[in-house]
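Trainee: I would like to see how this sequence folds:
(2 chains)
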2 protein chains.
Amino acid sequence: MTRSTLVQHIRSKKNYLCVGLDTVPDKVPHSLKGFQDPVFEFNKRIIDATLTHCVAYKINTAFYEVSGAKGWESMQKTVDYIPSTHFKIADAKRGDIGNTSSLYARTFFETLSFDAVTVTPYMGEDSVRPFLEYKNKWTILLGLTSNTGSSDFELQTCENGMLFESVIRKASQWGTTENMMFVIGATQAEWFSHARILAPDHFYLVPGVGAQGGSLKEISLKALNKDIGLLVNASRAIIYAGSGEDFAEKAAQVAAGYTGEMAGYLEK
Amino acid sequence: MTRSTLVQHIRSKKNYLCVGLDTVPDKVPHSLKGFQDPVFEFNKRIIDATLTHCVAYKINTAFYEVSGAKGWESMQKTVDYIPSTHFKIADAKRGDIGNTSSLYARTFFETLSFDAVTVTPYMGEDSVRPFLEYKNKWTILLGLTSNTGSSDFELQTCENGMLFESVIRKASQWGTTENMMFVIGATQAEWFSHARILAPDHFYLVPGVGAQGGSLKEISLKALNKDIGLLVNASRAIIYAGSGEDFAEKAAQVAAGYTGEMAGYLEK
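Mentor: Numbers count the residues shown, from 1 in each chain, chains lettered A, B, ... in the order given. Predicted structure coming up:
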């Protein structure tokens, strides 16, 4: 998906919500357990219910890999089920030497038809480049993550400011605003304005709203740019809003709550 | 596998060789293409031929994921085929927020029966801890990798020396020499003695010998410790030593070449 198409979807739907499909097999409601692939059935219902309330879906690969080959099948079916109107993110946090990163890029952009994949920057430029070679596909590089461990290295002071600043500064040269985004966790609100100075025009993928406690209001006020420039993700808060048979309806209600709030920030 | 068992295997076999099963479907010899799972058949023959010449196998997940669910099946069968006398490494370079890292740990230590998994340190302590909670399983944290991109961040000067030094220093406090190793690339020979000062007793997993050009001699002389403390990996140089029907025999010959050399360094 191109940047202009993504921005167009956001403007017409008046939200920048990404729904995270972190589907735990054990949490799938009883009524779906009889299906051949309960995880996929769950995702299908969540997608059907939230489609009008979001612009993107994020699949966290760990939740599927834990079931082995069967989990990869559920992931494949889920990606295929999401319509091309929605931006599809593989939250895989991959990154390795060049020939290996090339295979990961092929995995998520060809074997699976994702629009974007999250990549970890530790190994540097040649571990990231192979992802950038795909046209109309996106590399979402970890900048400043939402977890407490971000203080161990990401917030460490290095040669050119903090490590995450160095990552954003360098990686902005490797990719463009048309094929690269950065992950900035919603719990890192104090750094948002700062990150916006480093990458004023890039999109950010923002996890950490909902279960992790980040404030949608604060990050929206600090980081929306002229092309919106934000995809805010909520996973558990949406897909597990209800645990009964009305789980999809409950998910849609919570998603609608976020998008209602977002529409307000977009109007400002 | 416990550290004492690993050290015992190394001492009795007189080598610290790890064979990397970076199996590309396209490179599997023609004679195996008729099998239901050519990748697994290839791996099986490589394992049979190299078993007496190594102490460990490393499976790079990218090479399997690129084939989707089918690839995960090949990986599962391959791990199951490796006997428990050999140390089994998932070269997966995972790492995410706590609840996600827990799932990755389950994936590689329970769904698949690996002894060890490579983990990327960028997100800090809480992204690494879940891997350390498994008894007799190993976390192999990226320290200084073999690729040129290592100069972008890993070799950047931060608060307490270079970033990779900071990673080794901090992470040595999270795990012990019984459940944590570090990746130090064979192409980084100039830093090996230095790394040994930071973590004198830990095992290092050393990729980059063979196709990437690292010197087995130099790293062995600089980094062997009282418990050996090294697992040196070669992938392409071994498994693609031959491209004909005698590929397994050729692989065994190259592996035997490495182990012969290693026996010499162990005697010193």
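
Trainee: neighbours around residue A:184, how many?
Mentor: Counted with other CB atoms under 10 Å in any protein chain shown, the neighbours of residue A:184 add up to 30. Placement of C-beta: from N, CA and C, glycine included.

Trainee: Also residue A:46?
Mentor: Applying other CB under 10 Å, we find 24 residues neighbouring residue A:46.

Trainee: For it, what is the enclosing helix or strand?
Mentor: Per DSSP states H and E: residue A:46 is located in helix A:38-50.

Trainee: does that helix come close to chain B?
Mentor: No - Helix A:38-50 stays clear of chain B (CB under 8 Å from any CB of the partner chain), getting no nearer than 12.4 Å.

Trainee: Past that helix, which element shows up next along the chain?
Mentor: Taking DSSP H and E, what comes next after helix A:38-50 is strand A:56-60.

Trainee: End to end on stretch A:173-190, go ahead and measure it.
Mentor: 25 Å (CA to CA, to the nearest Å).

Trainee: actually stretch A:239-249, not the one I wrote
Mentor: Taking CA to CA as the measure, stretch A:239-249 stretches 10 Å from start to finish.

Trainee: starting at the chain centroid, how far to it?
Mentor: Centroid separation for stretch A:239-249 versus its chain: 21 Å, with CA atoms, centre = their mean, to the nearest Å.

Trainee: what sits up against it?
Mentor: Stretch A:239-249 has contacts (CB atoms under 8 Å, 6 or more residues apart in numbering or on different chains) with A:19-23, A:27, A:29, A:31, A:42, A:45-46, A:48-49, A:250-251, A:253-254.

Trainee: so where's the stretch 151-268 of chain A shaky on pLDDT?
Mentor: When residues are selected by pLDDT under 70, none of them lie in the stretch 151-268 of chain A.

Trainee: Next up, the contacts around the residue lying closest to residue A:222 once chain neighbours are set aside.
Mentor: Leaving aside its chain neighbours, residue A:222 sits nearest to residue A:192 (4.1 Å; criterion: CB to CB, 6 or more residues apart in numbering or on different chains). Neighbouring residues of residue A:192 by CB under 8 Å, 6+ apart: A:184, A:218, A:219, A:222, A:223.

Trainee: Where does residue A:192 sit, in terms of helix or strand?
Mentor: helix A:189-198.

Trainee: Which parts of whatever helix or strand comes next after that helix count as buried, going by neighbours?
Mentor: Using DSSP H and E, the next helix or strand after helix A:189-198 towards the C-terminus is strand A:203-206. By neighbour count on 16 or more other CB atoms under 10 Å in any protein chain shown, the buried set for strand A:203-206 is A:203, A:204, A:205, A:206.

Trainee: CSV please, covering these and showing distance to residue A:91.
Mentor: Below are the buried residues of strand A:203-206 laid out as CSV (distance: CB to CB, whole Å):
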residue, distance to residue A:91
A:203, 15
A:204, 14
A:205, 9
A:206, 12
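
Trainee: What is the nearest of those to residue B:212?
Mentor: residue A:205 (32.3 Å; CB to CB).

Trainee: what residues does the stretch 101-250 of chain A put near chain B?
Mentor: Contact residues, the stretch 101-250 of chain A versus chain B (CB under 8 Å from any CB): A:101, A:103-104, A:106-107, A:111-112, A:120-128, A:142, A:145-154, A:156-159, A:163, A:166-167, A:170, A:212.

Trainee: and for stretch A:27-46, what are the contacting residues?
Mentor: A:19, A:21, A:23, A:25, A:64, A:67, A:70-71, A:73-74, A:77-78, A:81, A:238-240, A:243-245, A:247-248, A:251.

Trainee: Counting neighbours, what do you get for residue A:222?
Mentor: 17.

Trainee: Please tell me I have it right and it contacts residue A:190.
Mentor: No - contact criterion CB atoms under 8 Å: residue A:222 and residue A:190 do not qualify, at 9.3 Å.

Trainee: Spatially central, which residue of chain A would that be?
Mentor: Central residue of chain A (CA atoms, centre = their mean): residue A:58, 4.8 Å from the mean position.

Trainee: Check that residue and give its pLDDT.
Mentor: The model reports residue A:58 with a pLDDT of 98.

Trainee: From residue A:18, how far off is residue A:260?
Mentor: Computed as CB to CB, to the nearest Å, the residue A:260 to residue A:18 distance reads 16 Å.

Trainee: okay, those two: which has more neighbours?
Mentor: More crowded of residue A:260 and residue A:18, by other CB under 10 Å: residue A:18, with 28 against 12.

Trainee: now the helices: where do they sit in the stretch 51-200 of chain A?
Mentor: A:62-65, A:69-81, A:98-106, A:125-132, A:163-174, A:189-198 (DSSP state H, counting those that start in this stretch).

Trainee: end to end, how far does stretch A:44-61 reach?
Mentor: End-to-end distance of stretch A:44-61 (CA to CA): 17 Å.

Trainee: Can you list the buried residues in that stretch?
Mentor: Neighbour count says stretch A:44-61 has A:44-47, A:49-51, A:53-61 buried, by 16+ other CB under 10 Å.

Trainee: out of the residues you listed, who's nearest chain B?
Mentor: Set against chain B, the nearest of the buried residues of stretch A:44-61 by CB to the nearest CB is residue A:60 (6.1 Å).

Trainee: surely the closest one meets residue B:100?
Mentor: Yes - between residue A:60 and residue B:100 there is a contact under CB under 8 Å: 6.1 Å.

Trainee: what sits in contact with each of those two?
Mentor: residue A:22.

Trainee: Just list whatever residues bridge to the residue nearest to the centre of chain A.
Mentor: Under DSSP bridges, the beta-bridge partners of residue A:58 are residue A:20, residue A:89.

Trainee: dump the residue contacts of it.
Mentor: Residues in contact with residue A:58 (CB under 8 Å, 6+ apart) are A:18, A:19, A:20, A:21, A:89, A:90, A:91, A:205, A:207, A:233, A:235.

Trainee: what sits against the nearest residue to the last one once chain neighbours are set aside?
Mentor: The shortest distance from residue A:235 to any residue other than its chain neighbours is 2.8 Å, reached at residue A:20 (CB to CB, 6+ apart). Taking CB under 8 Å, 6+ apart as the contact definition, residue A:20 lies against A:57, A:58, A:59, A:60, A:91, A:207, A:233, A:234, A:235, A:236, A:238, A:239.

Trainee: Report the separation between the residue nearest to the fifth one when sequence neighbours are not counted and residue B:30.
Mentor: What that stands for is residue A:91. For residue A:91, ignoring the flanking residues on the chain, the nearest one in space by CB to CB, 6+ apart is residue A:60 at 4.4 Å. According to CB to CB, residue A:60 and residue B:30 sit 39 Å apart.

Trainee: Same check on residue A:18?
Mentor: From residue A:18 over to residue B:30 (counting by CB to CB), the distance is 45 Å.

Trainee: Also residue A:236?
Mentor: Distance from residue A:236 to residue B:30, by CB to CB: 49 Å.

Trainee: Of these two, which one has the most company?
Mentor: residue A:236 (15 against 10).

Trainee: The more buried one reaches residue A:208, doesn't it?
Mentor: No - applying CB under 8 Å, one finds residue A:236 not in contact with residue A:208, separated by 11.2 Å.

Trainee: per-residue pLDDT, residue A:150?
Mentor: Value listed for residue A:150 in the pLDDT field: 97.

Trainee: how deep is it tucked in, by neighbour count?
Mentor: Other residues close to residue A:150 by other CB under 10 Å number 27.

Trainee: Could you pull up the residues touching it?
Mentor: A:144, A:164, A:185, A:188, B:123, B:124.

Trainee: partner residues bridging the first one?
Mentor: Beta-bridge pairing of residue A:144 under DSSP bridges involves residue A:184.

Trainee: ok, how many other residues are close to it?
Mentor: Burial of residue A:144 is recorded as 25 neighbouring residues (other CB under 10 Å).

Trainee: go on, the second one?
Mentor: Neighbours of residue A:164 under the rule other CB under 10 Å: 28.

Trainee: got it, and the fourth one?
Mentor: For residue A:188, the neighbour count with other CB under 10 Å is 23.

Trainee: Could you pull up the residues touching the nearest residue in space to it that is not next to it in sequence?
Mentor: Nearest residue to residue A:188, sequence neighbours excluded (CB to CB, 6+ apart): residue A:144, at 5.0 Å. Going by CB under 8 Å, 6+ apart, residue A:144 touches A:150, A:154, A:155, A:164, A:183, A:184, A:185, A:188, A:191, A:195.
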